[in-house]
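Chemist: need a structure here:
(4 chains)
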Amino acid sequence: MQLIACPWCGPREEVEFHYGGQAHVPYPDSPAELSDEEWAHYVFFRDNPKGRFAERWNHSAGCRRWFNAIRDTATYRFERVYRLDDPKPGVTELARSREEGTAP
Amino acid sequence: MAELLRTSPLDAWTDALERLPDTVRIAVEPYVAMVDVRLGTVGAAASAALGVDLPTAPGTWVPAGTGRAVWLGPDEWLLSSTTETPEELEARVRAAVLPLGGSATDVSAQRIGLRLTGARVRDVLAKGCSIDLHPRVFGRGSSAQTTLGQAGVVLLALFDAADDVVVLVRSSFAGYLADWLLDAALEFTTTPTHDR
Amino acid sequence: MSPRTPGADLPEHPDRLWRDAEPKRSYDVVIVGGGGHGLATAHYLAKNHGITNVAVLEKGWLAGGNMARNTTIIRSNYLWDESSAIYEHALKLWEGLEEDLGYPILFSQRGVLNLAHTLQDVRDSVRRVEANKLNGVDAEWLEPDEVRKVCPVVNTSTDIRYPVLGATYQPRAGIAKHDYVAWGFARRADEAGVDLVQDCEVTGFTTDGNRVTGVRTTRGTIGAGTVALCAAGHTSVLTGMLGIRVPVQSHPLQALVSELLEPVHPTVVMSNAVHVYVSQAHKGELVMGAGVDSYNGYGQRGAFHVIERQMAAAVELFPVFARAHLLRTWGGIVDVSPDASPIVGRTPYDNVYLNCGWGTGGFKATPGIGSALAYTIAHDEPHPYVAPFTLDRFVTGALVDEHGAAAVAH
Amino acid sequence: MTSPFRTSTGGRIDRATTVEFTFDGQTLRGHPGDTLASALLANGRHQIATSIKLGRPRGIAAAWAEDPGGLVQIEEPFPEPMLLATTVELHEGLAAHGLPGQGRLADVPDSARYDAVHHHVDVLVVGAGPAGLAAALTAARAGARVALVDEQSEAGGSLLSGTERLDDAPALQWVAAAVAELAGLPEVLHLQRTTAFGSYDDGFVLALERRTDHLGAAAPKHVSRQRVWRIRARSIVVATGAHERPVVFADNDRPGIMLAGAARTFLHRYGVLPGREAVVFTTNDSAYDAALDLHRAGVHVQAVVDARPEGSPRRAECERAGIRVLSGAVVTGTRGAERITHALVAPFADGEVGAGSAITCDLLLVSGGWNPAVHLFSQARGRLRYDAALGAFLPGEELDGLAVAGSAAGVPDLAGCLTDGQRVARATLAGPPAADDRLPTAPESAVPTPPLVLWRVPDTSGADGSTSFVDLQRDATVADIARAIGAGLRSIEHVKRYTTIGTAHDQGKTSGVLTSGITAELLAIPVQDTGTTTFRPPYTPVAFAALAGRDRGRLFDPERVTALHEWHVAAGAVFEDVGQWKRPRHYPRPGEDMEAAVLRECAAARTGVGILDGSTLGKIDVQGPDAAVLLDRLYTNLMSSLKVGSVRYGVMCGVDGMVIDDGTVLRLAEDRFLVLTTTGGAAKVLDWMEEWVQTEWPDLRVHCTSVTEQWCTFPVVGPRSRDVVGAVFPQVDVSAEAFPFMTWRDTTLDGVPVRLARISFSGELAFEVYVNPWYAVAVWQRLLDAGRPYGITPYGTETMHVLRAEKGYPIIGQDTDGTVTPHDLGMAWAVSKKKPDFVGKRSFARPANQDPLRKHLVGLLPVDRQTVLPEGSQIVEFRTDGRLPPPPVPMLGHVTSSYRSAELARPFALALVKGGRERIGETVHVPVDGTLVPVEVTGPVLVDPEGARRDG
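Modeler: A predicted model of the protein is given here:
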């Protein structure tokens, strides 16, 4: 049972949160102008990195606010949380897992 | 005012709640008007319009007139009043916040309040609430939206000793939560009085 | 010597399993991923198509990923034609697999019950049963009293929170012993000359235009005529090296086991509404699985609240389990696609085949996908069983959506 | 009857009280403070059972959770499978028997209570031995919030098993003082009988407290039997001690063979002599204590067999006591049947075993060194390192928030453990330690001779390692490991799976490291390279029911009910689970089955008046200048053109273009809408709106608030509904002209605000009545009273479904399944062509959406006018021979809803059928119970297709 630091309510148990998948995937400006393939990528395709991942979370059992987090999908460790209007993290921050894969 | 009879979702629990020991007293709070307020920026204008300084620190509540103002989110509060009707409260608050880009919604019946008092209150809540209710952390004026058992709740600390807490719960979950609390309090009763 | 406790031990493994192979410079086919699917593909390449210049590359120990971690339920009672076709193909192979592999895989056709707890569960169940029958898959709808006959320990009383309103039943479904299955495939592949290369992690690919020419690994670069990706939860890591986007997300999936118990539970029971699936495995242990953890994760571990909730569901459905003991918990990594169906077939690279997205269905598909993928590689043409599961379906919208109507996807 | 192996004095048992218990049907006696194991040993009973696979006698081999031999089945006070005799506290009436293989579950439900408690601390100390007590004292004295948990019945850890002294007094006096001091500090939670069984992220530890097991039948029923503590700690100190490790040799599994430290525990803690004639086999100094203590207690110690050529500095001490010490010697095997009779001892040098001799004994104590109990550290993903000198895996790194102290970290002596506990605890403190943070003085310990790392004694018995047991619970031997390696296996994980070592009840507590050592030896590689298999929770087994806690029975999942629930119950409603809600499905009258009740309820709504509790519908208040913009983006149809005072039906799709919810929308003001959702969709739609507003369109000036429980909703339905509503709300002009279809009006009833809306989900004239639930019962009763002259009939969800199906209105989630578009439902009219975009629109243009064979919602009429098609039935092409061909049979679609219609006087159904709209008028077949039922495909609207009835 991890603690997730809601930017407003502070650390709460992970069951209070709803996972929202990859962050920074904006709704396309003009869906009608996209090819089927481009649209499919918006609808169905999300990154799935092993390592640091910028993702969306919602404090669903608390203040119900969405926020973003950088979490390492190998260690599950939250590197930091940030608000939706904060800038997208840089490539270097996401580049590596802090810790390479754990033993099976 | 109204001749229509009011009923509470916990009417059927009255006897069971009354049988609880002094270390865990549970009282159903009287119906009050409650309004959900949404407002982007809080400041002098809002305070003047509403007649209350809405708390801006997450996880807090303050007395507001005859009622309370509870922080629910960075732009959301629960405002209650014991003297106004739900319609009056909504109308007054809505008129106050509309010019400021806010909104207000009557939610008086959305939740029901249970007031828990006694030395064992913390022990009872700890059976289903994952946040730290130690008085150092959750003293008077603290509030929390969290989960108690499997019900979403708003907790309000009324006194510093953490032995006086209001639990606001969605009305449709009230029966579940009452059952849950009675069950949690069972070990503190000398004569089990579990069945309602 | 005193008699053994009946069923409490397993058949011995053979004295010879496989060579711990050193990688050669190149192979006709390189299979990335030494789990069930990779090993089965290697076996069928050799057996059905005579292709034996094959390497299976495994980054850890052979069959140590999801193959070693799943709850081994085998069934084919899926809703959609495309799904039931490949899972039924697999089930038929399971029925002859012990003989094919010459290995006691302990395939036990003890049947599976998928419980219905709500009226909508009942509708969905009948829909699936009727579809199964028309597709030639054995399936029946059981009323609660019939459920009790199949599995007397299920709580079929009507005063529980979510009473059992009935169940679908597939008698030919069952369980097998996962290590035995994997090792059976591995031994056969090894016998045929396939190199099973362990501790060999893929770190990249060498390419020439739209062909992959080799696989870079922690044990050197290995030339490849054809590459098949069978890496389940780690697929995205590999496709990322090739610049291919695949719509799968890797999630933790947990399972657990109890101590050895006298037989109480004769079948497999799955319940979607209360989130539990359970069988009593060969030695007498209760093997149970939980729902998929919500967030992406490669950690092979999940959160304990999922287990606690599952225990509550188990005790609710099987009151006699109350004092059984949780002995061990563990987690795997499942790759879940948007429609909960696999993604198999061609990629933008001419000689690279993809096999992923099996989610929680990978184990039961093992021989089916192994044979179909081997065919696809050998003929350079998707086998009819895998043809519907293209990557392209997400563009056209022709999904095989098992999310909606399947009972539990495990 | 006295227990023959009980000492005359000493131990922590209550000798004044005698407890009677039953083992394998034999009635025996012990004392409070005993475990089942110590009481059995006191009665001279070593063998517990026979082994699972080979049927060999097995007995008690250790004194606590690491015991691989003493598995028992509890029968009384309540059947519980597979516990260790060493961890079962004795109580009056306990009945158990030895367990060869499989445990047995009770065949009646367990009535005991279980619960869980959350607890937050600055420092959690696991283990109340010397290191743990020192750590807890240091943290607590400094004012920290501390939890100290320990798995034994009393504090002290290893001090309970020995004769150590602190501050020149028996060490247990210090333990008692420490416990008393902790009890006096308000911020300390001290729990004995509490096993920390799992450590997780962010300082989260789960611990199981056995609260009433030791009380037997006297356990109070209203107190939980076991409790899971969910402890969240800023810092964790793991002071879990170490498990002694055996050495493997031939026939090392006979009853009477025991770890050396365990014998000390049985002697000092329980006052039990585990034998009369002992041989002690060791590779290190620690077993000398056992030899000397047993000697002093009157056991004849035949010999100490020390594998080290140089022996130990304690040799002289033994010899003074008259104990023979054989250095450079090993035990190569044993003799005996139900109990050991001889140890075979031989010289040992450079890995070679010489010629041996047999020494008689009824007890063989073994010590191969100590394995620090690193389970919690490893579960927290701490890396282990192999210490070649100790032959043990130790914590190999520092972890944030979790430190290991004392012998769990490899500290060998008492003084060192105390200091280590204090040191580790001080590192957790925010401020300085307390002034009085003093440690007791421990006597200096002798400089030990380094242990010899010896995993196994070469098998000279001729059995080739096949009786050299590594994992007693799995009957797995050195020969099995050798066979695994011979089969080509190299990974320790493969060896484990091949041999099944470490998979039994003890999860390899004694066998795990041995397996690593022996495997490394056979492969001729360093033990570090072999590693260990992964330590996984739980540390010791935990009952399912303990983890289920209080989420059972009525509390398994919340029941949500409306304000009218008690009324429904009193009215005899049969309920249906809809999500977490309990909704009345129908209200049978005496003697009615569901079909009769529903036909009656339907007829009332179609010909008179019916009333439904529709309060579970989701309701969302959408406010703000951009409220209409938001709804336009989320609904497929146009909402911004809706007039204040009016109502519009709308459909919502996901980005994939599939229908996710539907409902009506009331425009309350230019900047305010009341959105209604399906019952199951309420939370989902609110979350959906919030997600879009917060994450995509933060510029929209709009707020969404749930008001589901703020309004009860009662549809009053039927040709006489106007009379009823008009009578209750006389100030409202309910005429069709003044109050048209799809509009709403506000009014009051005795001063209470009420909203009326002319919405119909049945095709009949209908009014929805919205009121604050405080007054719901009263308003409902007024409506019933007013409706009595017209025979007003409460109806449930089943009738609601029939009425709407007759009108072809789909239920999202029943007539759709996540693959259905509005067009598939025949609702192209609800898809705006004016709006440039809305969520889902782009997906409609994908190739698969243009397929003419998409499934359409249509009606079905069984030609025989009799058969009610089972919902879920599949549909196939009409077969002229009336028989199904062999599979696979192509399917056209399936029946989504099916009912008997009072109005039509025949059964009908809704179905999703491939190209269904093009098939209207055709006949297809539905297989039902093996026969093909011909059905006619029709449009979905079967009752009042012109909509003539909605105005009454």
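Chemist: quick one: residues contacting whichever residue of the stretch 151-300 of chain C sits closest to chain A.
Modeler: Chain A sits closest to residue C:236 of the stretch 151-300 of chain C, with a gap of 3.8 Å, by CB to the nearest CB. All C-beta atoms are positioned from the backbone trio N, CA, C, and that covers glycine. When contacts are counted by CB atoms under 8 Å, 6 or more residues apart in numbering or on different chains, residue C:236 touches A:47-50, C:246, C:248, C:250, C:335.
Chemist: quick check: closest non-adjacent residue to the spatially most central residue of chain C.
Modeler: What sits nearest the mean C-alpha location of chain C, by CA atoms, centre = their mean, is residue C:363, with 1.8 Å. Counting by CB to CB, 6 or more residues apart in numbering or on different chains, residue C:363 lies nearest to residue C:70, which is 4.4 Å off, once chain neighbours are set aside.
Chemist: point out where chain A drops to low pLDDT.
Modeler: Chain A contains residues with pLDDT under 70 at A:96-104.
Chemist: what about residue D:370, how many residues close to it?
Modeler: By other CB atoms under 10 Å in any protein chain shown, the residues close to residue D:370 number 22.
Chemist: quick check: residue D:693 is in a helix.
Modeler: Yes. Counting by DSSP: H, G, I helix; E, B strand; the rest coil, residue D:693 falls inside a helix.
Chemist: quick one: it from chain B, how far?
Modeler: Distance, residue D:693 to chain B, using CB to the nearest CB, to the nearest Å: 11 Å.
Chemist: and the pLDDT at the spatially most central residue of chain B?
Modeler: In chain B, the centroid-proximal residue (CA atoms, centre = their mean) is residue B:168; its distance is 3.4 Å. If you check residue B:168, the pLDDT there is 98.
Chemist: ok, residue C:409 next?
Modeler: Confidence score, pLDDT, at residue C:409: 40.
Chemist: state the pLDDT value of the residue of the stretch 151-300 of chain C closest to chain A.
Modeler: Looking at residue C:236, the pLDDT reads 97.
Chemist: which element is it on?
Modeler: Using DSSP states H and E, the element containing residue C:236 is helix C:235-242.
Chemist: show me what the very next helix or strand once past that helix pairs with in its sheet, parallel or antiparallel.
Modeler: Following helix C:235-242 in sequence order, the next helix or strand is strand C:249-260 (DSSP H and E). Looking at strand C:249-260 with DSSP bridges, its partner strands are strand C:285-292 (antiparallel), strand C:325-336 (antiparallel).
Chemist: ok, back up a step: burial count for the residue nearest to residue C:363?
Modeler: When neighbours are counted by other CB under 10 Å, residue C:70 comes out with 23.
Chemist: check the one 5 residues further on too.
Modeler: The number of residues packed around residue C:75, counting by other CB under 10 Å, is 27.
Chemist: which residues does the residue nearest to the centre of chain B form beta bridges with?
Modeler: residue B:113, residue B:154.
Chemist: closest residue of the stretch 51-200 of chain C to chain B?
Modeler: residue C:161 (10.7 Å).
Chemist: contact partners for the closest residue to residue D:624 other than its chain neighbours?
Modeler: Nearest non-adjacent residue to residue D:624, counting by CB to CB, 6+ apart: residue D:702, 3.7 Å away. Listed by CB under 8 Å, 6+ apart, the contact set of residue D:702 reads D:622-627, D:629-630, D:693.
Chemist: next: residue A:17.
Modeler: A:4, A:6, A:57-61.
Chemist: out of those, who has the most neighbours?
Modeler: That'd be residue A:57 among those, by other CB under 10 Å, with 25 neighbours.
Chemist: ok so, going back, can you tell me how far the residue nearest to residue D:624 sits from chain A?
Modeler: Distance from residue D:702 to chain A, by CB to the nearest CB: 15 Å.
Chemist: separation between that residue and residue B:167?
Modeler: As judged by CB to CB, to the nearest Å, residue D:702 and residue B:167 stand 30 Å apart.
Chemist: quick one: the strands in the stretch 551-700 of chain D, in order.
Modeler: Applying DSSP state E, counting those that start in this stretch to the stretch 551-700 of chain D gives strands spanning D:574-578, D:581-586, D:610-611, D:618-623, D:647-653, D:659-669, D:672-677.
Chemist: looking at the ones you listed, which is nearest to chain B?
Modeler: strand D:618-623 (3.8 Å).
Chemist: mind listing the strands that closest one pairs with, and their directions?
Modeler: strand D:672-677 (antiparallel), strand D:703-706 (antiparallel).
Chemist: what's in contact with the strand or helix carrying residue D:803?
Modeler: Using DSSP H and E, residue D:803 maps to helix D:797-806. Contact with helix D:797-806 is made by D:576, D:578, D:583-586, D:594, D:598, D:601-602, D:605-606, D:610, D:612, D:717, D:761-764, D:811, D:814, D:897, D:899-904, D:908, D:910, D:942-943, as judged by CB under 8 Å, 6+ apart.
Chemist: flag every residue of chain B that's near chain A.
Modeler: Within reach of chain A by CB under 8 Å from any CB of the partner chain, chain B has these residues: B:58-59, B:72-74, B:76, B:130-131, B:144-147, B:152.
Chemist: could you do the stretch 451-600 of chain D as well?
Modeler: Checking the stretch 451-600 of chain D against chain A by CB under 8 Å from any CB, the hits are D:493, D:531, D:534.
Chemist: most neighbours among those residues, which one?
Modeler: Going by other CB under 10 Å, residue D:493 tops those with 22 neighbours.
Chemist: just checking, it touches residue C:64?
Modeler: Yes. Under the criterion of CB atoms under 8 Å, residue D:493 lies in contact with residue C:64, with a separation of 5.8 Å.
Chemist: which residues touch residue 41?
Modeler: Looking at chain A here, since you left the chain open. Residue A:41 neighbours (CB under 8 Å, 6+ apart): residue C:245.
Chemist: my bad, the chain I had in mind was chain C
Modeler: Applying CB under 8 Å, 6+ apart, the residues near residue C:41 are C:31, C:228, C:230, C:355, C:369-370, C:373-374, C:377.
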